[in-house]
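A.B. asks: sequence? don't have it. structure:
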Ligand SMILES: Cc1cc2nc3c(=O)[nH]c(=O)nc-3n(C[C@H](O)[C@H](O)[C@H](O)COP(=O)(O)OP(=O)(O)OC[C@H]3O[C@@H](n4cnc5c(N)ncnc54)[C@H](O)[C@@H]3O)c2cc1C
């Protein structure tokens, strides 16, 4: 879209649906490109999945969620009450097609291809935030102290070997350490850790909500509009989506960006498009006054729990729960898993200050959906970021801004295209 040639003489109108980190970054980027931007959010911006995540700008997260050979371990994971993988059985009929596509992405060839596509996006993710935060004058919202994966047994360390090697093949620096070396690097780690890997490239948000709110604040200061409304429909015409319809009004749109996280699947259906985006629910507990708080974020390789010191307390997050997006949370189960990992930090007692559950928008191939809609040319999709939505906020927005101006992005975005086949087969799919 050549934004200088809008026939009405006014800036073209962009409507961004969803006020999570992805929508907020996209709204700001489009405003910078000269669009008049309305960001529509049904609740409070930044309070869904983008609120309670572990804050990692996971620049080492090359491996996808599923690795080769994982399938044989799934029954054990599901039966182990201390494992963070949960499938609510009532949800199985809905989740089954997604799980089947997920399983098809576990071959070594697929994992290599997916890893390359993740690495390409990760290579731009850090610099995209650098520019954005420098521009809004808030570089302190992301710091770089790396990330420690700590292991309590030889077996769990060995179990992650393929992931460590995969990262290295993509140029990610990984320092393998003994328990003693880990404690030298991060004295809050207890004697339970016998091995570890330190990834210096990883960065962390001081508090995810502060990051989203700072970008949103800059958006508003520059003239962006935030509408507290719920999108209920979209009216299409020859040019694509002409109006976005909410519970309050009809909003004329020259461009629509769908960035509604795990809710995007339902909204895309209004456009006649089907996407295998599922709510993969995660939990956290915030701990008040911990005896020791790690300065370097720690992930337990045994419990799959992230332990991150944030400005408002110690955040312990975990779980991959496949359930309906609006099913009641199971905080007791999440607490059990967090308790298992707590022993990794010296003297940590789980004095729970608050609990939280949120839905990752996850795709079966561990890649986000970023690109123009195959059906409606003035719609750009930007959702499905799974475990890496915080990481990919700024880089997604850069791509969306390029697409909105009909410019080529700095990287090949074919792996993220909305009309790809999510089971890894090569042809584009029909809706
Ligand atoms: C426990 C946990 C830990 C995580 N840790 C990390 C991490 O360390 N690093 C990382 O990169 N990622 C992490 N993630 C993933 C990350 O949080 C998500 O990928 C990311 O927040 C998704 O952002 P989003 O903007 O797409 O979605 P959301 O933040 O969910 O925002 C979507 C918004 O759309 C709004 N919306 C929905 N429907 C409508 C409608 N009809 N009308 C108007 N508005 C609507 C919703 O209210 C919501 O605010 C984690 C996730 C969890 C759960």
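C.D. replies: Done, it's in. Predicted model, so just to flag it, every value in this text is computed and none were measured. Residues are numbered from 1 along each chain as shown.

A.B. asks: in stretch 258-270, what counts as buried?
C.D. replies: Across stretch 258-270, burial judged by 16 or more other CB atoms under 10 Å covers 258-265, 267-268, 270. C-beta: built from backbone N, CA, C; applies to glycine.

A.B. asks: burial of residue 312, as a residue count?
C.D. replies: The number of residues packed near residue 312 is 14, by other CB atoms under 10 Å.

A.B. asks: mind starting the numbering at 422 from now?
C.D. replies: Sure, I'll start counting at 422 from here, so that last one is residue 733.

A.B. asks: Any stretches of the stretch 422-571 of the chain with poor pLDDT?
C.D. replies: Along the stretch 422-571 of the chain, segments meeting pLDDT under 70 span 422-429.

A.B. asks: Up against the ligand, what does it have?
C.D. replies: Taking CB under 6 Å from any ligand atom as the contact definition, the stretch 422-571 of the chain meets the ligand at 438-444, 461-464, 469-471, 473-477, 479.

A.B. asks: So which bits of the stretch 672-821 of the chain are right by the ligand?
C.D. replies: Counting by CB under 6 Å from any ligand atom, the stretch 672-821 of the chain comes close to the ligand at 680-684, 688, 703, 705, 738, 779, 781-782, 804, 806-812.

A.B. asks: For the residue of the stretch 422-571 of the chain found nearest the ligand, give me its contacts.
C.D. replies: Of all residues in the stretch 422-571 of the chain, the one sitting closest to the ligand is residue 441 (2.1 Å; CB to the nearest ligand atom). Shown in contact with residue 441 (CB atoms under 8 Å, 6 or more residues apart in numbering): 466-467, 469-471, 633, 680-682, 810.

A.B. asks: and which of these is nearest to residue 587?
C.D. replies: residue 810 (21.2 Å; CB to CB).

A.B. asks: What is the longest helix anywhere in the chain packed up against?
C.D. replies: Across the chain, the longest stretch assigned as helix under DSSP state H is helix 529-556. Counting contacts by 3 or more CB pairs under 8 Å, 6 or more residues apart in numbering; DSSP states H and E, helix 529-556 is packed against strand 477-478, helix 629-642, helix 814-825.

A.B. asks: Just the angle for it relative to helix 629-642, thanks.
C.D. replies: 60 degrees (axes from the mean of the first three to the mean of the last three CA atoms, to 10 degrees).

A.B. asks: Report the buried residues of helix 529-556.
C.D. replies: Buried, per 16+ other CB under 10 Å, within helix 529-556: 531-532, 534-536, 538-543, 545-547, 549-550, 553-554.

A.B. asks: Could you list the buried residues of stretch 653-668?
C.D. replies: 655, 657, 661-667.

A.B. asks: Can you tell me what sits against that stretch?
C.D. replies: The set of residues external to stretch 653-668 that reach it, using CB under 8 Å, 6+ apart, is 436, 438, 461, 648, 650-652, 671-674, 677, 688, 691-692, 794, 797-800.

A.B. asks: Can you name the residues that contact the nearest residue to residue 638 once chain neighbours are set aside?
C.D. replies: In space, not counting the residues next to it along the chain, residue 638 is nearest to residue 557; the distance is 7.9 Å by CB to CB, 6 or more residues apart in numbering. Applying CB under 8 Å, 6+ apart to residue 557 gives the contacts 635-636, 638-639.

A.B. asks: By neighbour count, sort out the buried ones in these.
C.D. replies: Buried among the contacts of residue 557 (16+ other CB under 10 Å): 635-636, 639.

A.B. asks: Can you lay out those as JSON lines showing distance to the ligand?
C.D. replies: JSON lines is the format used below for those (distance: CB to the nearest ligand atom, whole Å):
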{"residue": "635", "distance to the ligand": "15"}
{"residue": "636", "distance to the ligand": "11"}
{"residue": "639", "distance to the ligand": "17"}
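
A.B. asks: And those residues, which is closest to residue 816?
C.D. replies: residue 636 (13.5 Å).

A.B. asks: quick one: pLDDT of the closest one?
C.D. replies: You'll see residue 636 listed with a pLDDT of 98.

A.B. asks: For the ligand, what is the nearest residue in the stretch 722-852 of the chain?
C.D. replies: residue 810 (2.0 Å).

A.B. asks: how close does residue 564 get to residue 738?
C.D. replies: In this view, residue 564 and residue 738 are 18 Å apart by CB to CB, to the nearest Å.

A.B. asks: Revised request: answer the last question for residue 694.
C.D. replies: For residue 694, the distance to residue 738 (CB to CB) stands at 31 Å.

A.B. asks: With residue 839 instead?
C.D. replies: Per CB to CB, residue 839 is found 29 Å from residue 738.

A.B. asks: How about residue 810?
C.D. replies: 13 Å.

A.B. asks: hey, what's in contact with both of those two?
C.D. replies: Counting by CB under 8 Å, 6+ apart, the residues touching both residue 810 and residue 738 are residue 474.

A.B. asks: on that earlier part again, verify the stated contact: the residue of the stretch 722-852 of the chain closest to the ligand with residue 781.
C.D. replies: Yes - if you go by CB atoms under 8 Å, residue 810 and residue 781 touch, sitting 7.0 Å apart.

A.B. asks: Give me the common contacts of those two.
C.D. replies: Residues touching both residue 810 and residue 781 (CB under 8 Å, 6+ apart): residue 470.

A.B. asks: Closest to residue 489 out of the buried ones among the contacts of residue 557?
C.D. replies: The closest of the buried ones among the contacts of residue 557, once distances to residue 489 are taken by CB to CB, is residue 636, at 37.4 Å.

A.B. asks: tell me the contacts of residue 814?
C.D. replies: 442-443, 445-446, 550, 632, 636.

A.B. asks: Please disregard the earlier target; I meant residue 804.
C.D. replies: By CB under 8 Å, 6+ apart, the neighbours of residue 804 are 439, 443, 679-682, 685, 696, 698, 782, 789-790.

A.B. asks: could you redo the last one with a cut-off of 7 Å?
C.D. replies: Neighbour list for residue 804: 443, 679-682, 685, 698, 782, 790 [criterion: CB atoms under 7 Å, 6 or more residues apart in numbering].

A.B. asks: now the helices for this protein?
C.D. replies: Going by DSSP H, the chain shows helices at 442-453, 470-473, 495-500, 513-525, 529-556, 575-580, 582-590, 600-606, 629-642, 685-690, 752-763, 814-825.

A.B. asks: Of all these, which one is nearest residue 733?
C.D. replies: It's helix 629-642; of the helices of the chain, that one is closest to residue 733 (CB to CB) at 8.7 Å.

A.B. asks: Many thanks, we can stop here.
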